[in-house]
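> sharing a model prediction with you, sequence too.
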Amino acid sequence: MASATQGAGVTTETTVQEVLDQAPEAELIFAAHGCNPLDQCPEDVRRDLEIGDVAVICCIRDVPGLLAALAALLVQPADHAASRRCS
């Protein structure tokens, strides 16, 4: 199965562990939104827990804000270069 983060960025179907695997510093973003998954979730839970479900399982209330912050973190440098190119 392909990762929900491949090609589409982070989505509500992306698991917490997929994000942490791509960017370990995402731990800080989760913590800023109210839940540190490395301290509060066993690895098997992180592997299965989708971002869209963190409001139910964790203390995170602003899932859209969390998604936006994680998406910004996961933007690749090539994406930044492409957006700055002159036509």
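Yes, it's here.

> average model confidence for the helix or strand containing residue 46?
Here residue 46 sits within helix 43-48, counting by DSSP states H and E. Taken as a whole, helix 43-48 has a mean pLDDT of 94.

> what helices and strands are in contact with it?
Applying 3 or more CB pairs under 8 Å, 6 or more residues apart in numbering; DSSP states H and E, one finds that helix 43-48 contacts helix 16-22. (Glycine included, C-beta is placed from N, CA and C.)

> for the helix it packs on, what is the average pLDDT?
96.

> longest single helix anywhere in the chain?
Using DSSP state H, we find that the single longest helix of the chain is helix 63-74.

> residues in contact with that one?
5, 9-12, 14, 19, 22-23, 25-26, 29-30, 32-33, 51-52, 54-55, 60 (CB atoms under 8 Å, 6 or more residues apart in numbering).

> CA atoms of that helix as CSV?
The C-alpha trace of helix 63-74 is given here as CSV (Å, rounded to 0.1, in the frame of the first residue of the first chain):
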residue,chain,number,x,y,z
VAL,A,63,-6.9,19.2,13.2
PRO,A,64,-6.9,21.6,10.2
GLY,A,65,-4.2,23.7,11.8
LEU,A,66,-2.2,20.6,12.6
LEU,A,67,-2.5,19.5,9.0
ALA,A,68,-1.4,22.9,7.6
ALA,A,69,1.6,22.9,9.9
LEU,A,70,2.6,19.4,9.1
ALA,A,71,2.1,20.0,5.3
ALA,A,72,4.4,23.1,5.5
LEU,A,73,7.0,21.0,7.3
LEU,A,74,6.9,18.3,4.7
